[in-house]
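Q: when you get a sec, could you give me coordinates for this:
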Amino acid sequence: MPDSPFYATVESRRTVRDFLPDPVPQEVLDRCLDAARLAPSSSNLQPWEFVVIRNTDARQKANAACLNQIPAKTAPVLMALVTHRDTWRRNRDEIIRVFETRGPLRKSHESYYRKIIPMVYMTGPFGLLGPLKQLFSRIASMFKPTPNLMARSDIRVMAHKSTALAAATFMLAMRAEGYDTCPMEGFDPWRAKALLGLPRGAEVNMFLAVGKRSDKGVWWDRVLMPRAWTVREL
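A: Residues are numbered from 1 along each chain as shown. Now for the predicted structure:
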């Protein structure tokens, strides 16, 4: 692996399952959260939210929602990474507002964010428009390359993919700062959603335990699937 700080960070990042009680300095956490905000997302709509759980009672309930896994119980910082499916209008409007502060809005920006984005993301009452958009896309694809004019389920997948990119960026940033993380998908989604007070169009993507690894934090040696299973050329 090349002698580079980035590759050293990637190589040393591990899923850590037991943490020291040492606190994470707020300035470190803030830098890593700001790094995560730079992560790529579909149409730059940034459908994520990092919820840092500090309240003692909320933390106990979050630990329980995470099935009292060791990383959740031992990490000095526990956060929930939330995916928002329905914030595209708000975030679209903020993108346009920022563009307008930089000068006249380009025609390409105007067309993309005021016309194309609503066409792709609107699913109509009860989501009924979504399947029709899917069907139209599929038929059109038989004649020429056509993007998926998404149904509600497609928007959910898109939002989770973008959120996962932010999570990966955050975890690498924490490792670059000398700290560790454990992404947890094993949790009670209903209790987690209730605890965080999430609206209908939001759900927890994962919980993240954050801190410094203990001597028993890494449970086993890294195992990678054969490269031929994960990389191919066409």
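Q: which helix in the chain has the most residues?
A: Assignment by DSSP state H gives helix 152-176 as the longest helix of the chain.
Q: residue nearest the middle of the protein, spatially speaking?
A: Closest to where the C-alpha atoms of the chain average out (C-alpha atoms, centre = their mean) is Thr163, at 1.8 Å.
Q: who's in contact with it?
A: The contact partners of Thr163, by C-beta atoms under 8 Å, 6 or more residues apart in numbering, come to Pro47, Trp48, Leu81, Val82, Thr83, Asn205. Bear in mind the C-beta positions are built from the backbone N, C-alpha and C, glycine included.
Q: doesn't the fifth one fall inside a strand?
A: Yes. Thr83: assigned to a strand according to DSSP: H, G, I helix; E, B strand; the rest coil.
Q: would you agree it is in contact with Glu203?
A: Yes. Between Thr83 and Glu203 there is a contact under C-beta atoms under 8 Å: 5.8 Å.
Q: more crowded one of the two?
A: A direct count of neighbours by other C-beta atoms under 10 Å for Thr83 and Glu203 places Thr83 higher, at 25 against 20.
Q: tell me how far the residue nearest to the centre of the chain lies from Gly130.
A: Going from Thr163 to Gly130 by C-beta to C-beta, to the nearest Å gives 20 Å.
Q: pull out the buried positions in the longest helix of the chain.
A: Within helix 152-176, the residues that count as buried by 16 or more other C-beta atoms under 10 Å are 152, 154-156, 158-160, 162-167, 169-176.
Q: any idea which element Gly217 lies in?
A: Under the assignment given by DSSP states H and E, Gly217 is not contained in any helix or strand.
Q: which one of the contacts of Thr163 is nearest to Pro71?
A: Nearest to Pro71 out of the contacts of Thr163 is Leu81 (C-beta to C-beta; 14.3 Å).
Q: related to what we said a few turns ago, most neighbours among the contacts of Thr163, which one?
A: Pro47 (27 neighbours).
Q: which pLDDT does the model give that one?
A: On pLDDT, Pro47 comes in at 98.
Q: tell me if Pro145 really is in a strand.
A: No. Assessed by three-state DSSP, Pro145 does not belong to a strand; its assignment is coil.
Q: who touches it in this structure?
A: No contacts exist for Pro145 under C-beta under 8 Å, 6+ apart.
Q: what's the answer for Met171, then?
A: For Met171, the residues meeting the contact criterion (C-beta under 8 Å, 6+ apart) are Arg13, Thr181, Pro183, Leu208.
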